[in-house]
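Student: Provided below are the primary sequence and the corresponding predicted coordinates.
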Amino acid sequence: MMDVGRHPNIKLLTYSTVEKITGYVGNFQVQVKKKAKYVNETECTACGDCTEVCPVFVPDEFQQGLSSRRAIYIPFPQAVPSSFLIDMENCLGTNPIACGKCADKCDKKCIDYDARDEILEFKVGTVIVATGMDVFDPTVLDEYGYTKYENVITSMEYERLLSAGGPSDGHFIRPTDRKRPKTVGFIQCVGSRCEKLGKPYCSNICCMNTIKDTLLLKDHYPDIEAKVFYIDIRAFGKGFEDLYKRSKEAGVQYIRGIPGEIIEDPSTHNLKVMVEDTTANKMEEYEFDMMVLSVGVTPRFDMPEVQQLLTLSKTPDGFFMEAHPKLKPVDAPTTGVYFAGCAEAPKDVKDSVTQASAAAARAETLLSAGKVKLEAITSSVNTDLCRFCGMCSKVCPYNAFTVDPKKKTIRYVEALCKGCGTCGAECRFGAITMNHFTDEQIITQIDTHLAEKAQEKVIVFACNWCSYAGADTCGGARLQYPPNQRLIRTMCSGRVHEKFVLHAFKKGAPMVVVSGCHYVDCHYIDANRWTQKRVEKLWDKLEKWDIRPERLLLEWISAAEGKRFAKTMQDIEELRKKVTKEEIEHTVKVLTEEEEKEKAKKEKQKKK
Amino acid sequence: MPQDDLKIGVFVCECGTNIAGSVDVDKLIEEAKNVPNVVFTAKNRYMCSEPGQAEIKKAIEEQKLDRVIVAACSPRMHEPTFRECVSSMGMNPYLVDMANIREQCSWVHMNMRDTATEKAMDIVKAYVARARYLVPQEETEIPVEKATLVIGGGIAGMQSALDLADAGYQVYLVEKEPALGGIMAQLAKTYPTMDCAI
């Protein structure tokens, strides 16, 4: 912390929030609000004279509310920056009745009740998101009585009670009688691995944290009896199994089973639990002086703010989504943005440091090059054809478009475009061209494939990253399938325009397949959401025209699913055989008529 | 609009027997010669090898080719190779396309030489047709501001900030709370070293 505070290349902005980020990789404009601390940060020597005279007492957040602080305070003794601040919500201030005791006491005259928030603006090339985590709040769990029984505490409160700088100066005491407990129970997975609470994931750190907690306890007080209730002990990291062994050797008892509830004995304030020990297969009752809930890690409550600033997405567990879970675990889907620490997933200190250095290295790759090559395959907009409906801005996963329907303006930042082509597929006015995968290029491929023996061929649209790659994997494994499919590659399934599908049917294709990445794997954040919507609409249309919707398939196939690709192609061939000549003739007729109607309509509009 | 006056070269890779084993490469070449705009065809045992690439380069020069179609493996494998190959001859890298007749044809339709060859022909023809609509694409380069914003001053944010600052870059570290440290600062001790977090 000290190193950060004094580094000449680091501008440290504490008590500050990022208000706005505009621009793109290499050129982000940042606006930061630095909240007033009402104490001159550079002049304050943290002597503490001010705090002694402050008459206001409030719960101390740093100590988890186990002790109190004043309205003028320093968060903790080693805080960086080493300066006091006034919590204005609780300060009596100078108005209307003057308190002003701290200002009177301060020799250096550092205190200024009229200080204002500052807005700072600067430009950066890259952004690292290290927004961290929240700790699960067990108040929702009635069964553990966290709100009713004082001697039930969380693992965070335990940290403070055991800390030399904590509210009890490192003396381990239980809250009800301030006496050292003789028996302590730990309950694992509180707010982790629980579908009911919407927290199905493992929080990664709690097993090791409890093992650490028990070791600290046994080091200080060998006579305290400690028991840990667990589902599984996950001690998978380097040196972790050793610590687990040491904890057991020190006499800590590990019991596989999670108590259903905690009941307090009102006379002694001791806590009783019933547990099914699943290794011994019997019910046991235990009594403890104190119980620690080993609480899980949850996404930060204010994540949506950062998410919006940088157009990020979340994985189903609520943490930020990486550009690729295996190959780009540090990159955000937005180019030039990287993740470090628990913002991306629960991590311990070592893993956070590892990822932080990785994020720095990834950022440095761009910074040291001093320039960045932008995606060449991007969209372009013909403003003459644009009707300012705003559909492109709605579907673009990267917010490359800003459309104002009232003022009739469109702004497109090409540097933000990643080339999925969804805008081109959704624009009803043909105003957007997806370069290198243009309508003409794709239509001519369809035409060529269906020029001969169309009734025998299946047109398959495949996205570059998943289903096309899945077809490659299938080939690599030499999995055989009927030679009737003709594959057309697009960067994203979101590119597949309704007219491509209808064109293929009009040219006599018995079957058409639209394939892409599984929902969460989309390489363009969530562009394939629009693929699904579009195909659903097409199914309705086909039905209306008396064309069997089953002839249009939507398939999600990942890059690894070669087997699934082969199976899908085999199944499709069976379906294709069932499509009759009459059906195809009907389809061609209906779609040709529809096209003519559409043409006539456009002609009419033109004349008007 | 299609560009009708283009000179397109089709280069078919045998990939040892990987392609030639299931697809009749000679027949493919013969048929490709009849496709509009195709002015040059060649086959090579390994198109990606140095001699294979040399053949493409030579043809670009001698035949004044405008577009190149390489019928070989997946573009996910060798697209960068052939883009670089044509670039070295001054051709825009987006004017070369790969017709995937290995992963998506010869490897998945073994022992059905006729139909596999027919499918390979369709694939090649479709790419030649597409080539008539290809236009150069430019990869634009933009400068990068040599500074980083780090949001969050916990252990992760501090580590990233220090690494970048030590490397000589300007770092803006923004922390919501009045002091650095985040959750880590509240821990009495941390594993596996069992030492103080601050």
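Tutor: Done, it's in. Numbering: from 1, shown residues only, chains lettered A, B, ... in the order given.
Student: how about the contacts made by residue 190?
Tutor: No chain specified, so I'll use chain A. The neighbours of A:Val190, taking Cβ atoms under 8 Å, 6 or more residues apart in numbering or on different chains as the test, are A:Phe136, A:Pro138, A:Leu141, A:Tyr144, A:Thr154, A:Leu293, A:Ser294, A:Val295, A:Gly296. Where you see a C-beta, it was placed from the backbone N, CA and C, and this is true even at glycine.
Student: the intended chain is chain B.
Tutor: A:Lys212, A:Asp348, A:Val349, B:Met184, B:Cys196, B:Ala197.
Student: now, which of the contacts of A:Val190 sits nearest A:Ser368?
Tutor: A:Gly296 (38.5 Å; Cβ to Cβ).
Student: so the closest one makes contact with A:Pro138?
Tutor: No: at 9.5 Å, A:Gly296 does not count as touching A:Pro138 under the criterion of Cβ atoms under 8 Å.
Student: in chain B, what residue lies closest to chain A?
Tutor: B:Ala156 (2.7 Å; Cβ to the nearest Cβ).
Student: sorry, back to before: ok, so of the contacts of A:Val190, who is nearest A:Glu52?
Tutor: A:Thr154 (30.8 Å).
Student: the closest one: neighbour count?
Tutor: 22 (other Cβ atoms under 10 Å in any protein chain shown).
Student: okay, A:Gly296 and A:Pro138: which has more neighbours?
Tutor: Using other Cβ under 10 Å as the criterion, A:Gly296 and A:Pro138 rank with A:Gly296 on top: 27 against 24.
Student: shared neighbours, A:Gly296 and A:Pro138?
Tutor: Any residue near both A:Gly296 and A:Pro138 by Cβ under 8 Å, 6+ apart counts here, and that gives A:Val190, A:Gly191.
Student: domain ranges for chain A?
Tutor: A:134-298, A:375-433, A:437-594 (automatic domain parsing).
Student: please identify the most buried of those domains.
Tutor: Among the domains of chain A, domain A:437-594 has the highest mean neighbour count (mean count of other Cβ atoms under 10 Å in any protein chain shown), at a mean of 20.
Student: end-to-end on that one?
Tutor: 25 Å (Cα to Cα, to the nearest Å).
Student: circling back: could you pick out which of the contacts of A:Val190 are near chain B?
Tutor: Among those, no residue lies close to chain B (Cβ under 8 Å from any Cβ of the partner chain).
Student: biggest separation within the residues you listed, which pair?
Tutor: Between all members of the contacts of A:Val190, the farthest pair (by Cβ to Cβ) comes out as A:Tyr144 and A:Gly296, at 13.3 Å.
Student: is any part of stretch A:340-350 close to chain B?
Tutor: Yes: contact of stretch A:340-350 with chain B (Cβ under 8 Å from any Cβ) involves A:Ala340, A:Gly341, A:Cys342, A:Ala343, A:Lys347, A:Asp348, A:Val349, A:Lys350.
Student: would you list the phi and psi of the first one?
Tutor: Note on A:Ala340: its backbone torsions stand at phi -140, psi 130 [degrees, to the nearest 10].
Student: residues contacting the closest residue to A:Pro259 other than its chain neighbours?
Tutor: Leaving aside its sequence neighbours, A:Pro259 sits nearest to A:Val273 (Cβ to Cβ, 6 or more residues apart in numbering or on different chains; 3.8 Å). A:Val273 sits next to A:Gly185, A:Phe229, A:Pro259, A:Gly260, A:Glu261, A:Ile262, A:Ile263, A:Glu285, A:Tyr286, A:Phe288, A:Met291 when contact means Cβ under 8 Å, 6+ apart.
Student: against A:Ile525, how distant is A:Asp117?
Tutor: 33 Å (Cβ to Cβ, to the nearest Å).
Student: give the contact list for residue 172.
Tutor: Went with chain A since none was named. A:Leu161, A:Leu162, A:Arg180, A:Pro181, A:Leu217, A:His220, A:Tyr221, A:Ile224.
Student: switch to chain B, that's the one I care about
Tutor: B:Tyr172 makes contact with A:Ile10, A:Lys11, A:Leu13, A:Val30, A:Val32, A:Phe122, A:Val124, B:Ala147, B:Thr148, B:Leu149, B:Val150, according to Cβ under 8 Å, 6+ apart.
Student: tell me how many other residues surround the last one.
Tutor: Just to be clear, that refers to B:Val150. If we define neighbours as other Cβ under 10 Å, then B:Val150 has 35 of them.
Student: for it, phi and psi?
Tutor: Residue torsions, per degrees, to the nearest 10, at B:Val150 are phi -110, psi 120.
Student: ramachandran coordinates for B:Thr17?
Tutor: Main-chain dihedrals, B:Thr17, degrees, to the nearest 10: phi -110, psi 0.
Student: quick check: pLDDT value at it.
Tutor: Per-residue pLDDT puts B:Thr17 at 96.
Student: if I look at it, how far off is B:Ile29?
Tutor: B:Thr17 is 17 Å from B:Ile29, by Cβ to Cβ.
Student: who has more neighbours, those two?
Tutor: Shown here are B:Thr17 and B:Ile29; by other Cβ under 10 Å, B:Ile29 has more neighbours (17 against 10).
Student: report the rounded mean pLDDT for the strand or helix carrying the more buried one.
Tutor: Secondary structure from DSSP states H and E places B:Ile29 in helix B:25-32. The pLDDT scores in helix B:25-32 average 97.
Student: can you tell if it touches chain A?
Tutor: No: using Cβ under 8 Å from any Cβ, helix B:25-32 stays clear of chain A, coming no nearer than 12.1 Å.
Student: around whichever residue of chain A sits closest to chain B, count how many other residues there are.
Tutor: Nearest to chain B in chain A, going by Cβ to the nearest Cβ, is A:Gly341, at a distance of 2.7 Å. A:Gly341: 33 surrounding residues under other Cβ under 10 Å.
Student: OK, contacts around it?
Tutor: Counted by Cβ under 8 Å, 6+ apart, A:Gly341 has contacts A:130-133, A:347, A:352, A:355-356, B:152, B:154-157.
Student: go through those residues and say which is closest to A:His324.
Tutor: Using Cβ to Cβ, the contacts of A:Gly341 come closest to A:His324 at A:Gln355, 14.7 Å.
Student: buried residues of the strand or helix carrying the closest one, list them for me.
Tutor: Using DSSP H and E, A:Gln355 sits in helix A:349-369. Going by neighbour count (16 or more other Cβ atoms under 10 Å in any protein chain shown), the buried part of helix A:349-369 is A:349-360, A:362-364, A:366-367.
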